[in-house]
Structure formats: structure tokens, C-alpha cells
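>>> this is a predicted model, with the sequence first.
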Amino acid sequence: MPAKKIILLVIFTLVLLAGLWLYFHSRAGTFVSGMITDPASSLTSSNGRTNLLLLGVGGDGHVGSDLTDTMILVSLHLASRQVTLIPIPRDIWVDSLRAKVNTAYHYGEEKRAGGGQDLVKSAITEITNLPIHYLVILDFAGFVRAIDAVGGLDLNIDTSFTDNKYPIPGKESAEPESARYETLQFTAGPTHMDGTLALKFARSRHAEGEEGTDFARSRRQEKILLAFRDRVFSSSTLFNAQTLTNLKNSLNSSLISNIEDQEFGSFLKLFLSMSKDSSSPSLDLSTLFINPQDTRPYDRQWVLIPRDSWQTIHDYVAQNLAQ
């Protein structure tokens, strides 16, 4: 997904969260105070930079429900209002964990409630050498409910495809093996999707041909997110108190964040000030890692390790952050 479009989706997500806070939170005055305060003085930062980690998890009913298989680090330079996006490949081996980075949140929560936030932040810092100040975690169920709350999505399917092996949650060990899957069929053209169908459209990965690639999957996910953005900002949503209430309720049990009231307002002010910028880079860390042939030191898992050294990766990140 192009960096500019990812930035717009990140901005949308934060503005939506902040807007919901303003509409529904009992301490809305604190939110407003964040809107009139300089973000540089109200947001936690290091060396003039605030780092926000966005995480996506499967949630209840999915295998590996708390594995963070979507990880994007958003680094904000407060003075220049420049943002750098750093997608984190999920298979990076973290030495201190002796595990892949996408397991950090899971293992942290196993140790103690709330420990997942600390451990995943520490793991991302180990990879990038950047401190993590804030994080936002959203699960699949919350996204499904949010789409249903706004009445579903209208979008245009570019290419017809069939996926004969879409996994059915809760039937991972069913026999015969065919009982573990359902067949998805999508036909090119305009369509309306509820939350469940939209999630299947976004997650499908076993279609034959181009639609079975990760590139096609990323394009479909982008299409879903953009359609959701358009739906949220439509007059039928923004001027309908019940729809807004349903949207807020849909996220209540599916969203985890350490952002405080005033900080939501500061984030909104910060992102609105940079929303017209189109030059922010997205760093590709994947070229700096390799898959080792000898997997014995990594519990025989398919993992990614530094091609050269961790210092090389830290230097790359530091040198390419937008100022």
C-alpha cells in the first residue's frame, strides 16, 4: 500500500477515535484542552519525536487470538509535523524473547494482565531502537461490529475470485479436513458488504492466481478501509446520534489503548495539521532481514534475522526518519 494512502488511513483512525472520545466521553473538557495545547508539550516524546504503535489482533474465536500479525510503528516529528511509517514484519526473531515479534503481546499477557503492552513495546524498541510512547490495539470482532454499526459498506470489486480454503473459526481440527474451510466467491462489480463479509474479503489468501497473493490482499484491505472511512464521514453517520452511539459501542470491548483524554485531543490537533502532507516516507525493513537456512537456533521456525547486524537496522531507521 502506498505510504500516502497508509498515512491517510492512520490519520482517519486517530481522528475517528478522537471524535468518538469528544462525543461520548464524560470528561470531554479534558479532550478539548488537548485541542488547544501544543502537542509538543502535552504528548510524551523523546528527542522531539512521539512514537505510536498500531496493532491488529484476531481476538476471541480466532487461532492465535492475541498474536499481533499487523504492526505499524508511526513516528511523529513534533516540530516539523512529519510522520514516518515503519511496518514491522511479523516473523522477525527477537533475541530477548527467543520468539517472533508477533508473539510478544501474547507472552506478556500470559505473565500478567497488561503485561502484553509492555513486552510488545520493548520488542519493537529492540528492533528499531525507538522508544514506544503510545499504542492502539484493535481486534477483528471490533472491526466487524464497527462496519455493521454504520450500515455496512458499498464498494466495487475489481476482480472476481474464488477461495476454497477460507478457515472457519473454531473448526481448525475438524474432520474430515474439508470441514475446516468454507468457499468464498466474489464477483467483480459493485456490491454491499456487512462486517462479516467485509472481513472475509479483506482476509482471503487462498484464491488461485493474482488474488491469492499478499499484494492483492493488501489492495482489498485498503479498499475496505477507504470504504469504511467514507461511510463514517457520510452525513448519514455524522448526523445520526444513534449510529454514532452504535459505532462507539462497537469499539468499546475491542479497542485497547494507553492514550489519555487530553492526549486524544492533542493527536487530533497534530494529525489535522499534517493531513495535507504527501511526502512522508514508509520505511521497508524487510530488505534488511534474511531467512536463515539453519533454523535450529530458532526452534525450527521460519523466521527473519538481521542480514548484517542489529546496529545496521538501527542506523537505517535513524537515518531515514522524516525530520
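Received, thanks. Remember, it's a predicted structure, so these values are computed and weren't measured experimentally.
>>> any stretches of the stretch 1-150 of the chain with poor pLDDT?
1-37, 59-65 (pLDDT under 70).
>>> quick one, strands of it?
49-57, 68-77, 82-87, 93-94, 99-100, 134-139 (DSSP state E, counting those that start in this stretch).
>>> which one of those strands lies nearest to T295?
The closest of those to T295 is strand 93-94. By C-beta to C-beta, the value is 9.8 Å. Quick note: C-beta positions are derived from backbone N, CA and C, even for glycine.
>>> chain center to that closest one: distance?
Counting by C-alpha atoms, centre = their mean, to the nearest Å, strand 93-94 is centred 20 Å from the centre of its parent chain.
>>> torsion angles phi and psi at the closest residue to F289 other than its chain neighbours?
Nearest in space to F289, with sequence neighbours left out and distances taken as C-beta to C-beta, 6 or more residues apart in numbering, is L304 at 3.9 Å. Note on L304: backbone dihedrals following degrees, to the nearest 10 are phi -120, psi 130.
>>> so D294: helix, strand or coil?
coil (DSSP: H, G, I helix; E, B strand; the rest coil).
>>> what helix or strand is Y316 on?
helix 310-320 (DSSP states H and E).
>>> re earlier: where's the residue nearest to F289 relative to G116, distance?
Taking C-beta to C-beta, to the nearest Å as the measure, L304 falls 21 Å from G116.
>>> and these two? Which one has more around it.
G116 (24 against 20; other C-beta atoms under 10 Å).
>>> quick check: the more buried one touching T103?
No. At 10.1 Å, G116 does not count as touching T103 under the criterion of C-beta atoms under 8 Å.
>>> could I get the full set of helices for the protein?
3-24, 28-35, 39-42, 104-111, 115-128, 140-149, 195-203, 214-232, 235-238, 241-252, 261-274, 310-320 (DSSP state H).
>>> same for the fourth one, what does it pack against?
This points to helix 104-111. Helix 104-111 sits against helix 115-128, with contacts defined as 3 or more C-beta pairs under 8 Å, 6 or more residues apart in numbering; DSSP states H and E.
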